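*Asks:* next comes the sequence, and after it the predicted model I'd like to discuss.
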Amino acid sequence: MIRCLAVDDESYASDIIAAFITKTPFLELVGTTTNAFEALNLVNEGKVDLVFLDIQMPELTGIQFLKICGGKCKVILTTAYPEYALEGFDLDVVDYLLKPISYERFYKAATKAQQILAPIVPVQQEIVAPYPQGNDFIFIKGDTKNKFIKVNYDEILYIEGLKNYVSVYTASQRIVTYQALRELEVELPKPPFYRIHKSYIISIEKIKMIDGNTVYINDQSIPIGETYKEEFFKVVREGKKG
């Protein structure tokens, strides 16, 4: 949120700006004042990021305010006098609003201030580890209530879902479990595991070859389902190990 102050020797004018500030999601109204010296104190105390400032004020003009302020906050000038625009921009104001000010014009100026004071930083893509940190295995339900078989992710070649059970294939064994294929799909990390058919989940690391719509893992041929084809080949083209 950008902390804002409306400064105008006419209170009705500062009230309009205050209403605009309140209605703008990324702005926060610190206060309004008709006194430029009070405004300077707030700026010097570090309580304000952006001042909406009238130019023609008694005792201290907006231009004088800018010179004294010395860049401690950003300023948008609000005035009925266009002849001050050039001098204002020479003093690095964000924008220059001519009265009467519409909300549309106000919002445009506020957005410019936002780009300066609170720029949107692009979110860096998270680097995905091959497996969830500190967890490189899964417990698969056995054939009795309290039996669970620990299988390391890097041992799994592929998983086949049948009518009432699932077979997990490793290089050395086949483990049968009465878990649903969908349940395992959710539990397994992606990458390297991808569902490529309604009945199959594979480890992309174990693929020996892809030929058309068939994946080969060891000597087993596994079909690629139409529903999963587009996503799977996108992964393959991008060269993801997952």
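*Replies:* Nice, I can see it. Numbering: from 1, shown residues only.
*Asks:* work out for me the element residue 186 sits within.
*Replies:* Using DSSP states H and E, residue 186 maps to helix 181-187.
*Asks:* can you list contacts of that helix?
*Replies:* The contact list for helix 181-187 (Cβ atoms under 8 Å, 6 or more residues apart in numbering) reads 138, 140, 159, 161, 166, 168, 193, 195, 199, 201. For glycine as for every other residue, the C-beta is placed from the backbone atoms N, C-alpha and C.
*Asks:* at 7 Å instead, please
*Replies:* Contact partners of helix 181-187, identified using Cβ atoms under 7 Å, 6 or more residues apart in numbering, comprise 138, 159, 161, 166, 195, 201.
*Asks:* pLDDT averaged over that helix - what is it?
*Replies:* For helix 181-187, the mean pLDDT works out to 84.
*Asks:* on that earlier part again, of all the contacts of helix 181-187, which comes closest to residue 13?
*Replies:* residue 195 (62.8 Å; Cβ to Cβ).
*Asks:* first-to-last residue distance for stretch 214-233?
*Replies:* The straight-line separation of the ends of stretch 214-233 (Cα to Cα, to the nearest Å) is 11 Å.
*Asks:* need the nearest residue in space to residue 167, chain neighbours excluded.
*Replies:* What sits nearest to residue 167 in space, not counting adjacent residues and going by Cβ to Cβ, 6 or more residues apart in numbering, is residue 160, at 4.7 Å.
*Asks:* A helix includes the one you found, no?
*Replies:* No. Residue 160 is assigned strand when assessed by DSSP: H, G, I helix; E, B strand; the rest coil, not a helix.
*Asks:* ok, longest helix in this structure?
*Replies:* helix 103-117 (DSSP state H).
*Asks:* let me know the average pLDDT across whichever helix or strand comes after that helix.
*Replies:* Where DSSP H and E defines the elements, the next helix or strand beyond helix 103-117 is strand 137-141. Strand 137-141 shows a mean pLDDT of 84.
*Asks:* sheet-wise, list the partners of the next helix or strand after strand 137-141 with their directions.
*Replies:* Per DSSP H and E, the first helix or strand lying C-terminal to strand 137-141 is strand 148-152. Sheet pairing for strand 148-152, assigned by DSSP bridges, gives strand 137-141 (antiparallel).
*Asks:* just put the contacts of helix 181-187 in JSON lines and tack on neighbour count.
*Replies:* Output for those, formatted as JSON lines (neighbours: other Cβ atoms under 10 Å):
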{"residue": "138", "neighbour count": "19"}
{"residue": "159", "neighbour count": "24"}
{"residue": "161", "neighbour count": "20"}
{"residue": "166", "neighbour count": "22"}
{"residue": "195", "neighbour count": "22"}
{"residue": "201", "neighbour count": "24"}
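*Asks:* quick check, nearest of those residues to residue 95?
*Replies:* For the contacts of helix 181-187, the minimum distance to residue 95 (Cβ to Cβ) is 52.8 Å, reached by residue 195.
*Asks:* picking up where we left off before, tell me the pLDDT of the residue nearest to residue 167.
*Replies:* pLDDT at residue 160 comes out at 93.
*Asks:* next, count neighbours for it.
*Replies:* A count of nearby residues for residue 160, using other Cβ atoms under 10 Å, gives 18.
*Asks:* cross-check the contact I'm expecting between it and residue 201.
*Replies:* No. Counting by Cβ atoms under 7 Å, residue 160 stays clear of residue 201, with 8.4 Å between them.
*Asks:* low-confidence stretches in the chain?
*Replies:* 84-89, 118-135, 143-145, 239-242 (pLDDT under 70).
*Asks:* how about the helices in this protein?
*Replies:* Remark: helices assigned in the chain by DSSP H are 11-23, 36-44, 62-69, 85-90, 103-117, 181-187, 226-237.
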